[in-house]
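Novice: Build me a model from this:
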Amino acid sequence: MKKLLLPMMLMATMFACQSPEKKTAEKADASVDKQTGTFTSLDEKSAIVKQLLEAYMNNDSTQIYAHYADTVKVYDQMANHQEGGKTVPNPGGKAGFAANERANHAYFSDIKITTDNIKTFVFADGRVHSGVWAMWSGKGKYTNQSITVPVHLVFIWEGDKVVREYRFFDPTTLYAEVAASQKK
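Specialist: Numbers count the residues shown, from 1 in each chain. Got it, this is the predicted structure:
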């Protein structure tokens, strides 16, 4: 039994010595992963996104002019904004986007969007994105219907400006409201 104990202890020591090297190699591999990083909701960019959403609810486009790049590209992930398998951004840069946001208030009243789930991601390669998972609600001015739609927004930052924004939502009720406005 003593003869077996010594070789087993020796083998256990050898395995223990190999483990830290393997863990170090795994950490090195993770540092090259461009999809890794950190996230928080208590940063300046998350606070700015919340200001942008609150201003939108109040039909105030001044925050767009303060925090978006002049050439911002806004991508609505809807079927009619696809060409050649790629999403086409809304035209007009910052001014076009601000006009589009104000137009929502021509079709809906009492617009609300939840602001309790905003996170900013800082990727290992330096990219900074803020994400919003929210519920949008409003009352149609032409259909008189109250609606609630889940939305996901992604803000892509360069420095202190939003250079791209991706918006994911089901546009069915928006299309219905626009169609109803054409009948009156």
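Novice: I figured P89 was touching V74, is that so?
Specialist: Yes - the pair P89 / V74 is scored as a contact, 5.9 Å apart, by C-beta atoms under 8 Å. Placement of C-beta: from N, CA and C, glycine included.
Novice: the more surrounded of the two?
Specialist: Remark: of P89 and V74, V74 carries more neighbours, 22 against 19, as counted by other C-beta atoms under 10 Å.
Novice: That one sits in which helix or strand?
Specialist: If you go by DSSP states H and E, V74 is part of strand 68-76.
Novice: who does the helix or strand just after that strand pair up with?
Specialist: Per DSSP H and E, the first helix or strand lying C-terminal to strand 68-76 is strand 82-83. Partner strands and pairing direction for strand 82-83 (DSSP bridges) are strand 86-87 (antiparallel).
Novice: Restrict the next helix or strand after the partner strand to CA atoms and write it as CSV.
Specialist: Per DSSP H and E, strand 86-87 leads on to helix 93-107 as the next helix or strand towards the C-terminus. This file holds the C-alpha atoms of helix 93-107, laid out as CSV (Å, rounded to 0.1, in the frame of the first residue of the first chain):
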residue,chain,number,x,y,z
GLY,A,93,-28.3,62.0,-40.7
LYS,A,94,-29.0,63.7,-37.4
ALA,A,95,-31.6,66.2,-38.8
GLY,A,96,-33.5,63.4,-40.6
PHE,A,97,-33.5,61.2,-37.5
ALA,A,98,-34.8,64.1,-35.4
ALA,A,99,-37.6,64.8,-37.9
ASN,A,100,-38.5,61.1,-37.9
GLU,A,101,-38.7,61.0,-34.0
ARG,A,102,-40.9,64.1,-34.0
ALA,A,103,-43.2,62.5,-36.6
ASN,A,104,-44.0,59.7,-34.2
HIS,A,105,-45.8,62.3,-32.1
ALA,A,106,-48.0,63.2,-35.2
TYR,A,107,-49.4,59.6,-35.1
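Novice: And the pLDDT for the spatially most central residue of the chain?
Specialist: Ranked by distance to the mean C-alpha position of the chain (C-alpha atoms, centre = their mean), the top residue is V154 at 2.2 Å. pLDDT, V154: 96.
Novice: The one 10 residues further on too?
Specialist: pLDDT, R164: 94.
Novice: List of residues touching whichever strand or helix holds it?
Specialist: Using DSSP H and E, R164 maps to strand 161-169. Residues outside strand 161-169 that contact it (C-beta atoms under 8 Å, 6 or more residues apart in numbering) are 67-69, 71-77, 89, 97, 136, 149-157.
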